[in-house]
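Undergrad: Generate coordinates for the sequence data below:
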Amino acid sequence: MTNALHHGDCLDVLRGMPGDSVDLFVTSPPYDNLRTYNDSLTDWTFEKFAAIAGQMTRLLKPGGVIVWIVNDATINGSETGTSFRQALHFKDECGLRLHDTMIWSKGAFSAVGALAVRYAPTFEYMFVLSNGAPQAFNPIKDRKNKSAGQAIRGTVRQADGSTRPVSNKGKMIGEYGQRFAVWEMPAVKARQHHPAPFPENLARDHIASWSDKGMTVCDPFLGSGTTGAAAVKLGRKFIGIEREAKYITIARARIQAALCQADGGECVV
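TA: Predicted coordinates:
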């Protein structure tokens, strides 16, 4: 399959795609209508989400993964909890595993007025859902070890309360260890071409983690093309869907530039 961009409603496009055809979805849906798109709120409802989730599950290969990056609105003083409801829908209704619950720590506070009644929300959820055991996991090892050069020691507590030595006791601790489930990455400021872009390195690191070269990555809420640019730079095939014409134009240019930068591949739009 070549790289492809589709201009249209993602539910309609997903319905027309063959089953078991996607290795990895990395996407960020409209977030409880926290942003406006094309000067109006989207028609994002839980019913629309559920229909899209069903199609994504149908398309997901055995061992495939969905990375669902979401946040909640606060309405009448209460967070909606929509993010958790969506994750549990994928798990309980679609039959996927909730393989990992991760946090994107943005390190910045953008809401207005919330500090008067609550702590600043500076993170978003990244739910990693899988169709069985993930077929690919390439952990990123860039966490600086404070105990680098020392021998590993310690014990592991058992279910009955007893302890045993750690399995790698005596092994020397390397300079870098595997990244934890909280990823600290600065947010990208809203731009003229899109109100809610996320960092390309966020997409890049998930694609690198949960897929191998040659696998197919899809973003059904493509926006300005961040996921697509990251995917083709990493040697993955890519499918993107976006219903706003002005965004798909920007995405096409970004992904074509990334293809030229990577290996001169062709992007079919």
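Undergrad: CA atoms for contacts and neighbours, from now on please.
TA: Fine.
Undergrad: What is the neighbour count of Ala251?
TA: Residues within reach of Ala251, counting by other CA atoms under 10 Å, total 24.
Undergrad: cool, the one 5 residues further on as well?
TA: The number of residues packed near Gln256 is 20, by other CA under 10 Å.
Undergrad: And the one 3 residues further on, by the same measure?
TA: By the other CA under 10 Å criterion, the neighbourhood of Leu259 contains 23 residues.
Undergrad: can you tell me the helix or strand for it?
TA: According to DSSP states H and E, Leu259 maps onto helix 245-262.
Undergrad: Restrict that helix to CA atoms and write it as PDB.
TA: The C-alpha coordinates for helix 245-262 follow below in PDB (Å, rounded to 0.1, in the frame of the first residue of the first chain):
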ATOM      1  CA  ALA A 245      -9.800  21.200   3.000                       C
ATOM      2  CA  LYS A 246      -7.400  23.800   4.300                       C
ATOM      3  CA  TYR A 247      -5.800  21.400   6.700                       C
ATOM      4  CA  ILE A 248      -5.400  18.600   4.200                       C
ATOM      5  CA  THR A 249      -3.600  21.000   1.900                       C
ATOM      6  CA  ILE A 250      -1.200  21.800   4.700                       C
ATOM      7  CA  ALA A 251      -0.800  18.200   5.600                       C
ATOM      8  CA  ARG A 252      -0.100  17.200   2.000                       C
ATOM      9  CA  ALA A 253       2.700  19.700   1.700                       C
ATOM     10  CA  ARG A 254       4.200  18.600   5.100                       C
ATOM     11  CA  ILE A 255       4.100  14.900   4.300                       C
ATOM     12  CA  GLN A 256       5.400  15.400   0.800                       C
ATOM     13  CA  ALA A 257       8.300  17.300   2.200                       C
ATOM     14  CA  ALA A 258       9.000  14.600   4.700                       C
ATOM     15  CA  LEU A 259       8.900  11.900   2.000                       C
ATOM     16  CA  CYS A 260      11.400  13.800   0.000                       C
ATOM     17  CA  GLN A 261      13.600  14.200   3.100                       C
ATOM     18  CA  ALA A 262      13.300  10.500   3.900                       C
END
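Undergrad: Can you spell out which helices and strands pack onto that helix?
TA: Secondary-structure packing of helix 245-262 (3 or more CA pairs under 8 Å, 6 or more residues apart in numbering; DSSP states H and E): strand 3-7, helix 226-233, strand 267-268.
Undergrad: Which strand in this protein has the most residues?
TA: strand 60-70 (DSSP state E).
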